[in-house]
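# can't give you the sequence, but here's the structure:
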């Protein structure tokens, strides 16, 4: 007998529910840009100006964060629903991980479009990208998966190397970079002064190439580690770890495309470049897509680090209850830092 899912007065065939969760992340990600554009147009019309100030700015910030969170929540829920053996789908969970990173992935598409001077990468490439992924999910249903070529011992060694690499990246780049951006809440000059010192570290002729190699290794090893995790059911924290890892990798790649594209063009990628000479990151209400990218990036990175540290603590005898506090603390710290950073980028300064 076909199983059914009851929902109030409605009932749905379980296969149809599973089908919805397979395609919901790709659908929500595909709709993200037009919905963001619709929000911008609505605010511009109501504000009678594209100027990002007053109530229109903060309504745009709130609306953008809600929209980005909605796509991420749908994607996260899809992975949790597809964790059940009867509806497990490796490819759908991979697509959901990409969709979870939509706020930064879309900015990455825009950055690539600007560097290559090809506007079609956004207008045509984005919907085509998700349409192709949806078709691949349809065509691949029922296709047996090839086993991973890495054994358990190799997987563990790769995981350890991934963690060591993450620690090096945090020390060399992420910690000073987040501190640098946090200084922007005081003034643009405070950010610039901090940057002069920080760049002596991560733009060193030896450190910068090493840092780029570490980031590339981090992304490549992360893809391998996530693939293995997605082939079996995972708990809430496990899903949080893989999804924030996917977001962190895409966030860093989008950031690198923007920075190196600007540097190649001869632009100094400092506070003035980022904030239109200490006015605001947003030159117009049409640029609201940047809000989710800048806010969720640090949250994802610190949450992912917290999840990784949780695994280490569990292996060293910590109770699950105590170890679970770490990713929550990382998420909370990320939320605070992201809020402070975003306020500074939007021209709000303390004192």
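Sure thing, it's come through. Predicted model only: the values in this text are computed from it and were never measured. Numbering: from 1, shown residues only.
# and the nearest residue to residue 97 once chain neighbours are set aside, helix, strand or coil?
The spatially closest residue to residue 97, leaving aside those adjacent along the chain, is residue 246, at 4.2 Å (C-beta to C-beta, 6 or more residues apart in numbering). The C-beta positions use only the backbone N, C-alpha and C, and glycine is treated the same way. Assigned with DSSP: H, G, I helix; E, B strand; the rest coil, residue 246 falls in the helix class.
# got a list of what residue 246 touches?
The neighbourhood of residue 246, defined by C-beta atoms under 8 Å, 6 or more residues apart in numbering, consists of 97-98, 100-101, 222, 226.
# Which of those residues sits closest to residue 170?
Relative to residue 170, the closest of the contacts of residue 246 is residue 222; by C-beta to C-beta it sits at 14.6 Å.
# any idea how far that closest one is from residue 137?
22 Å (C-beta to C-beta, to the nearest Å).
# likewise residue 253?
Relative to residue 137, residue 253 is positioned 23 Å away (criterion: C-beta to C-beta).
# Among the contacts of residue 246, which ones are in helices?
Cross-referencing the contacts of residue 246 against helices under DSSP state H gives 97-98, 100, 222, 226.
# would you list those residues in TSV and tack on neighbour count?
Formatted as TSV, those follow (neighbours: other C-beta atoms under 10 Å):
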residue	neighbour count
97	26
98	20
100	29
222	20
226	19
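# Flag the least confident of those residues.
Model confidence across the ones in helices among the contacts of residue 246 bottoms out at residue 226, which has 89.
# where's the nearest residue to it once chain neighbours are set aside, which helix or strand?
When the adjacent residues along the chain are set aside, residue 226 lies closest to residue 242, with 5.0 Å between them (C-beta to C-beta, 6+ apart). Here residue 242, judged by DSSP states H and E, is contained in helix 236-264.
# contacting residues around the helix or strand just after that helix?
Once helix 236-264 ends, the next helix or strand along the chain (criterion: DSSP H and E) is helix 271-275. Outside helix 271-275, the residues within contact range by C-beta under 8 Å, 6+ apart are 184, 188, 191-192, 195, 262, 267, 278, 281, 345, 347.
# average model confidence for helix 271-275?
For helix 271-275, the per-residue pLDDT values average out at 92.
# in it, what counts as buried?
Neighbour counts using 16 or more other C-beta atoms under 10 Å place 271, 274-275 of helix 271-275 among the buried residues.
# picking up where we left off before, please compute how far the helix holding residue 242 lies from its chain's middle.
For helix 236-264, the distance between its averaged C-alpha position and the chain's averaged C-alpha position is 6 Å (C-alpha atoms, centre = their mean, to the nearest Å).
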